[in-house]
Structure formats: C-alpha cells, structure tokens
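Chemist: Curious how this folds, go ahead:
(chains A, B, C and D)
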Protein chains: 2
Amino acid sequence: MPVKVRIADVAAAAGVSTATVSRALSSPDVVGAETRARVMAAVQATGYRINAAARDLRQQRARSILVLAPNLANTFFSRIIAAVQEVAGQAGLAVQISDSRTDPDLLQSLGHNGRADGILLLDGALPPDLVRGWRLPVVQVCEWNDAYEVPSLRIDNAAAARMAVAHLRDLGHTHLLHVAGPADNVLGQTRERGFVDAARAFGLGATVLPGDFTMASGARSARAWAEMPDRPSAAFTASDECAFGFISECNRMGFAVPGDVSVIGFDDVDFAGHFIPALTTIHQPRARLGRQAAERLVSALGASERLTHEQVIIDPNLMIRASTAPRT
Amino acid sequence: MPVKVRIADVAAAAGVSTATVSRALSSPDVVGAETRARVMAAVQATGYRINAAARDLRQQRARSILVLAPNLANTFFSRIIAAVQEVAGQAGLAVQISDSRTDPDLLQSLGHNGRADGILLLDGALPPDLVRGWRLPVVQVCEWNDAYEVPSLRIDNAAAARMAVAHLRDLGHTHLLHVAGPADNVLGQTRERGFVDAARAFGLGATVLPGDFTMASGARSARAWAEMPDRPSAAFTASDECAFGFISECNRMGFAVPGDVSVIGFDDVDFAGHFIPALTTIHQPRARLGRQAAERLVSALGASERLTHEQVIIDPNLMIRASTAPRT
DNA sequence: ACACATGATGTAATCGATTACATCACCCGT
DNA sequence: ACGGGTGATGTAATCGATTACATCATGTGT
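Modeler: Model (predicted):
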C-alpha cells in the first residue's frame, strides 16, 4: 500500500473519474450501483483516506468545533468536555480545546481563519464585541453573557440558591453564611443574589464573605467564620471546591460539620458523595449540559438551521447528603 | 472590511505579488524592508487572516496535535490536558481531543487523513499494530506500552509502590492490603507488582483485592476488608479515587481512618489534601508531565528532529498527610 | 568592462478534493 | 419518430496559500 493514496488513485483503480469517486463517497444515490461497487472496492483495495485539508479548503468548512474554557485544568469541565466530544465525534466533527484567557490572537482570528466551524463557550467574561465578531455559531454552557446574544444552557442558579436557603431554613437555621464566587463572574453574582434574596424573603440572617470558587477561599472563609462572635450555623458556598476547603479547614480547627455548621456546596462534582461528610450540594448535570450544547451546535452546523438566542434554563436539583443537619 | 480577505487582496493593496506577501509573513528576512513595511500595513488595513486549510494543504501539515485519552471525563486528565494545550498553543498548534476507546475509524485514519501532525497518547491499551501504523510522532504520558516503540513520560510506578509500602512499614504496619487497578492496565499491574515485591522484601503480610481505580471499587474493597477475620491495618490503593471510596465506606461502616486503617492513595488529585482525613498519596506531577510531553512532541514537529524511544521515568514523591498513622 | 554571486521579486504550478456545467444514454409521452 | 426529462458520468475550474524556478538589479572581484 502506498504511503499516500489520492482520490485520483482510487479513480484509476475503479476506472472512473475522480468526480465519480467523490460522489460515490458523499452522494451514493447519484451513482449507479455497479459503478458504486467498483469505487468502494477500489477504496478498500487502496486504503484511501480523504485528505481533510483539501476537502476543508474546497468546502469552506473545518469540520471542527472549538471548546473555549477559562482554565482547562478545572475538573469541573471534564464531564462537559467529554460529553461534547462524544456528540461531536459521532457527528464527524473534530473537537479542539483552548483556554479562553491566554491567546488573544487566537480569539481574534476565530471565524476568519477557517480553523473551526463553531464554538462551545464556557466563559462569560470575554469582551462582547469579540464574541459577536466571530460570525460563527456559538453556544454557551454554564456561564453566560446576554451581551453575546447567543444561545446558552445552564441550570437556574438563582433558584438553586433559593433551594439551598430553603433547605437550611427547613432544618431550623436562622443565620446563614454565603461564601461567594468571584465578584466579576456571572455565576458568582447570581448565586449570591439568589442567596441574599431568599434569606431576606425567609426572614433569615445573611452574611456574605468574598470568595473565588477555590478551596483556598473556602478555607479562608472557615477561618473568618470561626472568628465571628455570632457564627452562622450554616453555610452555602458558591462551589463544591469552596465547600471542601471550608469543611476541611473547620475540621482542622476542631469544628464538626454538620454538628457545628451545616454546609451546602454547588456543582456535585464526582467526589462530593464520597467526601466526609458526604456533601449536600446543588447538582449540575454536566454531561447532560455538554451533550445538549453539542447537539445544538452540531444541529446548527449540519442543517444550516439558524441558532436562536434561546436560553435553556434547567431546573436545579438539591442533593441532600450528610453535610447538613438540623440546627442544634 | 470584507468578510473574507485573501492573500491576493493584501498583495493588491501592497502593490506586490502574493508570493511576496507570503514571504513577508513567513520569511521576513528575504523581503526588503520597504516592501515588508508595505505588506504589513496592507495586512493591518485589510484585517487579513491566513486560511488554515489552504496553508495546511499546501504544506502537508495540519498544525494540530491530537490528545487521545481513555475517558475524557476522568478528572485525572484535566491538568495534563491543560498543560498540553498551554505548550502546544504557544507553539501555534491546535489541540484536538478524542476518547481513545470509541471511534475505531478515527483511530484507523490517523496519519492518513492529514488531521493531526502528532499524537499525545494517554492510553496504553490500543493495539500495537494500530499505533505503529500511524506514521506520526507519538508521545505517551502516564500509561505506556513498550510494543508501541514510542517515547513516554511517567513516574516510576514500581518505586512509588515501594515508597508507600516502606512508609507503612515505618509506621509499624505488618499486614498490608492493596486495592489493585484494572488487571489489564499497565499502571494497575505495575503498582500491584511493586506492592507485592516490596511487601515480600520487607517481610510484610500482603493481601490484594481486585479493583478498577474507581470509587466504587474502593468502597467494595472496604466492605471486603471489614469482613476479613485478620484485617490488614493499612491499605494502599491504586488511585486516589479508589482511596476516597475506601475511606468513605469505612466511615460509613463506623471505622476510623487512620485509627482503624491507614490509607495511601495514588495520584494526589486536587482534592486529596482537603479530604478528611487529608490523603497520604503518591504525587503525580500531571502538569509537568503534560508540559514535558507536549514539549517533546512540539520539538519533534518543529525541527524535523526524530523522536527517540526514550522512556522518561520520574522519581516518585510521597505526600504524607493525615490518612496514615502508626499502627495501634 | 565583464563575469559571477547575491538579494529581491514575480509567474505559474502545486497541493487534493469538490462541484458547476456539459455531455451522453436511455426512457417515456405525444 | 421526435422531443423532453432524468440519471449517470466526465472535464475542468475552483478553493487559497506556498514554493520551485525564472528574472532582474546591484555589487564585487578580476
């Protein structure tokens, strides 16, 4: 078998033109059955594989999508990305990944260099002009930004915060703590506002400490909590990671969770149910989000169907486990 | 600004040929200074972006690498992949990801369809003929397979197991348990063998339970451990995930870690230090592994330097935390 | 003055697949 | 029998960038 087999080699082996080979592969119904059989036999015999660059150039399509996330090392993204790759792979699309914060030139080039046909955007903090300048289909997952005017999928973060607050109220807690996400992050802001509004609506005391989703900010907040003269008896953190840090630090300081303080996280990452105590948390259906987002993008790329700006808001789900208990 | 700017448009604006524009961009030293300035001004004025498919087709290069991992949802891979993307992105390479287990046709096409210039392989379980048939530079990370005859980077898994066993021996434990990884996985096999050999060398009792790296197999093993008439006082699991499952299940059954059983994991995933108890574990420098692997691949792609089959084996590092204690 | 080397630039072929348009064969309806 | 329609296939242009080879201008050495 030669190193590189071209469509012309297949055509020669089948005794037809290259156009017929191309058609036999892409539109088999317009090629006669006998001719088609000869072509397929030649493809097998030669081991032909299409040259992607040649096809992409001619068709003006990349057959590839790009996933842009702010910090690919964040384990939160794994399941989303895996689900995206599964759906896109099945649709014959290659999946590229890139950190959304580190290559301004790449971001500027998108839509102009033929590198990707569509974008799955996991970052709501990019400049709107930039995103709108892409002229590619864009679908957002989890984080969103209305200024982009693109569709997005997420859970109802405000309702989720309300659920957390309601759960703690039902357990008899009257003074609650919230460890916030980053102040400039739409998720952090929404979860905080949801918390504050619900606490007010339920007539509960509410204290907010700044945070940034990380374990370190969780640990820091636990130390601040321990110093409070009138400590809240329950905490709702803006992420599971933050909750792990909070709980771990309480443990180190000799406080018990949920005995001294109940804790609710946000995300339901893989380890949450196996943490000690098993973490009560807001479940984020990451695989489902990734799958649906990818399906939307694939659909837009495949059928020339225009993407609407529809915002899909999924009802939240509170996983009640062992990190929350009645107020003592 | 027109929707699509070609190199011919830049050439017209600069009053030179397309060849000169191409040269000004790729080999500026062979173009006169004045001409070069005119070209760069025209590039700026037109907003020109190179067409990737056209360039790739002409140059017979994809400017892209592919990361193949068995289960992209596994959080263990996040830091590796992020580091790979950082290095490759800086070298101007796009990074594609794909699950290594689900698309046989993709795997068969690699090296024949111009989709990627090189492969970072995180799976040692693919058929050797397949891998050797790619005719692309391949670098393995973590998992390896000597039959592929490609370079790899990993920590010394056998030495790591020995360190774990030595640590437990130093704490006075005389009967140890190992929860193994998958029986058909090179990592699982090597860690198990390292464990068994070290226990024998140190004259310690050694019990091995089958596992598969997962939290579920850890929990199952904890239940089996609890039923043992002569329970080992310490356990070494083939992954952190497995350790979390083991510890969590012990906790549920009312056993204390490390009071009733010391536990050592393998990986040092992000949450390990914040688990309760903070997990003693073998550290895997995932970002470093990903970075170095990517650098090797980038180097092979950039300078036409041939990849050697060198196996880089990194010394292991035991992170001693709170999940191990002297035998009581 | 002439020959040679070097730097700069242009022309046109090349990469490999797709597809617009033309051509042919065959069938059906009038 | 003739005309029109349809299915099948071929030719050659197209996609956009790169680069081999040719050409020209200039400088240096003999």
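Chemist: Just the helices from the stretch 51-200 of chain A, written as ranges.
Modeler: Per DSSP state H, counting those that start in this stretch, the stretch 51-200 of chain A carries helices over the ranges A:52-59, A:78-90, A:104-109, A:128-132, A:157-170, A:186-201.
Chemist: What's the first helix or strand after the longest one?
Modeler: It refers to helix A:186-201. Once the chain leaves helix A:186-201, the next helix or strand it forms, by DSSP states H and E, is strand A:205-209.
Chemist: So which bits of the stretch 51-200 of chain A are right by DNA strand C?
Modeler: A:51, A:54-55, A:57-59 (C-beta under 7 Å from any atom of the strand). Where you see a C-beta, it was placed from the backbone N, CA and C, and this is true even at glycine.
Chemist: Relative to B:Arg200, which of these is nearest.
Modeler: Using C-beta to C-beta, A:Asn51 is the member of these that lies nearest B:Arg200, at 55.6 Å.
Chemist: pLDDT at the closest one, what is it?
Modeler: If you check A:Asn51, the pLDDT there is 94.
Chemist: what number of residues lie near it?
Modeler: 20 (other C-beta atoms under 10 Å in any protein chain shown).
Chemist: for it, what are its contacts?
Modeler: A:6, B:57, B:113-114 (C-beta atoms under 8 Å, 6 or more residues apart in numbering or on different chains).
Chemist: do A:Gly205 as well
Modeler: Contacts of A:Gly205 by C-beta under 8 Å, 6+ apart are A:174-176, A:199, A:232.
Chemist: hmm, try it at 6 Å
Modeler: Residues in contact with A:Gly205 (C-beta atoms under 6 Å, 6 or more residues apart in numbering or on different chains) are A:His175.
Chemist: From A:Thr281, how far out is it?
Modeler: Distance, A:Gly205 to A:Thr281, using C-beta to C-beta, to the nearest Å: 22 Å.
Chemist: separation between the closest residue to DNA strand D within the stretch 101-250 of chain A and A:Arg162?
Modeler: In the stretch 101-250 of chain A, the residue that lies nearest DNA strand D is A:Gly114 (7.6 Å; C-beta to the nearest atom of the strand). Applying C-beta to C-beta, the value for A:Gly114 to A:Arg162 is 45 Å.
Chemist: neighbour-wise, which of the two wins?
Modeler: A direct count of neighbours by other C-beta under 10 Å for A:Gly114 and A:Arg162 places A:Gly114 higher, at 23 against 19.
Chemist: correct me, but A:Phe266 touches A:Cys242?
Modeler: No: shown here, A:Phe266 and A:Cys242 do not form a contact pair, counting by C-beta atoms under 6 Å, at 8.0 Å.
Chemist: Need the residues touching each of these two.
Modeler: Joint contacts of A:Phe266 and A:Cys242 (C-beta under 6 Å, 6+ apart) do not exist.
Chemist: Give me the buried entries from the contacts of A:Asn51.
Modeler: When the contacts of A:Asn51 are checked for burial by 16 or more other C-beta atoms under 10 Å in any protein chain shown, the buried set is A:6, B:57, B:113-114.
Chemist: what's around the nearest residue to A:Gly124 once chain neighbours are set aside, how many residues?
Modeler: Of all residues not flanking A:Gly124 in the chain, A:Glu143 sits nearest, at 3.6 Å (C-beta to C-beta, 6 or more residues apart in numbering or on different chains). Close neighbours of A:Glu143, defined as other C-beta under 10 Å, add up to 20.
Chemist: hmm, the helix or strand hosting A:Cys242 in reach of chain B?
Modeler: Using DSSP H and E, A:Cys242 sits within helix A:240-253. Yes: judged by C-beta under 6 Å from any C-beta of the partner chain, helix A:240-253 comes into contact with chain B at A:244-245, A:248, A:251.
Chemist: Point out where the stretch 201-328 of chain A drops to low pLDDT.
Modeler: Counting by pLDDT under 70, the stretch 201-328 of chain A shows low-confidence ranges at A:303-305.
Chemist: Okay, domains of chain A per the record?
Modeler: Taking automatic domain parsing as the criterion, chain A consists of the domains A:7-50, A:62-155+A:287-314, A:157-284.
Chemist: Among these, show me which one is buried the most.
Modeler: Most buried of these, by mean neighbour count (mean count of other C-beta atoms under 10 Å in any protein chain shown): domain A:157-284, with a mean of 21.
Chemist: tell me which parts of the stretch 1-150 of chain A are close to chain B?
Modeler: Close to chain B, as judged by C-beta under 6 Å from any C-beta, the stretch 1-150 of chain A has residues A:49-54, A:56-57, A:72-73, A:75, A:78-79, A:82, A:85, A:89, A:94-97, A:103, A:109, A:112-115.
Chemist: rerun at 7 Å
Modeler: Taking C-beta under 7 Å from any C-beta of the partner chain as the criterion, the stretch 1-150 of chain A approaches chain B at residues A:49-54, A:56-57, A:72-75, A:78-79, A:81-82, A:85-86, A:89, A:94-99, A:102-103, A:109, A:112-115.
Chemist: ok, A:Ala226 to chain B distance?
Modeler: The span separating A:Ala226 from chain B equals 16 Å under the rule C-beta to the nearest C-beta, to the nearest Å.
Chemist: for the stretch 1-150 of chain A, which spans come out with low pLDDT?
Modeler: For the stretch 1-150 of chain A (pLDDT under 70), the answer is A:1-3.
Chemist: can you give me the strands for it?
Modeler: A:64-69, A:94-99, A:118-121, A:138-141 (DSSP state E, counting those that start in this stretch).
Chemist: Would you mind pulling up the elements that the third one packs against?
Modeler: Where contact means 3 or more C-beta pairs under 7 Å, 6 or more residues apart in numbering or on different chains; DSSP states H and E, strand A:118-121 is packed against strand A:64-69, strand A:138-141, helix A:286-302.
Chemist: what sits up against it?
Modeler: Strand A:118-121 is touched from outside by A:65-68, A:84, A:110, A:134, A:136-141, A:293-294, A:297, A:300-301, with contacts defined as C-beta atoms under 7 Å, 6 or more residues apart in numbering or on different chains.
Chemist: do the last one as well
Modeler: Surrounding strand A:138-141, the residues in contact under the criterion C-beta under 7 Å, 6+ apart are A:80, A:119-122, A:124, A:131, A:148, A:150-153, A:289-290, A:293, A:296-297.
Chemist: and if we set it to 6 Å?
Modeler: Contacts of strand A:138-141 (C-beta under 6 Å, 6+ apart): A:119-122, A:150-153, A:289, A:293, A:296-297.
Chemist: With the second one instead?
Modeler: With C-beta under 6 Å, 6+ apart as the contact definition, strand A:94-99 has outside contacts at A:64-68, A:72, A:85, A:88, B:85, B:94-97.
Chemist: go again using 7 Å as the cut-off
Modeler: Strand A:94-99 has contacts (C-beta under 7 Å, 6+ apart) with A:63-69, A:71-72, A:81, A:84-85, A:88-89, A:106, A:116, B:85-86, B:89, B:94-97, B:115.
Chemist: Give the partner strands of it in its sheet and their orientations.
Modeler: Using DSSP bridges, the strands paired with strand A:94-99 are strand A:64-69 (parallel), strand B:94-99 (antiparallel).
Chemist: Can you tell me which of the ones you listed is nearest to A:Ala256?
Modeler: strand A:64-69 (36.2 Å).
Chemist: could you give the angle of that closest one to helix A:52-59?
Modeler: Per axes from the mean of the first three to the mean of the last three C-alpha atoms, to 10 degrees, the angle that strand A:64-69 makes with helix A:52-59 is 100 degrees.
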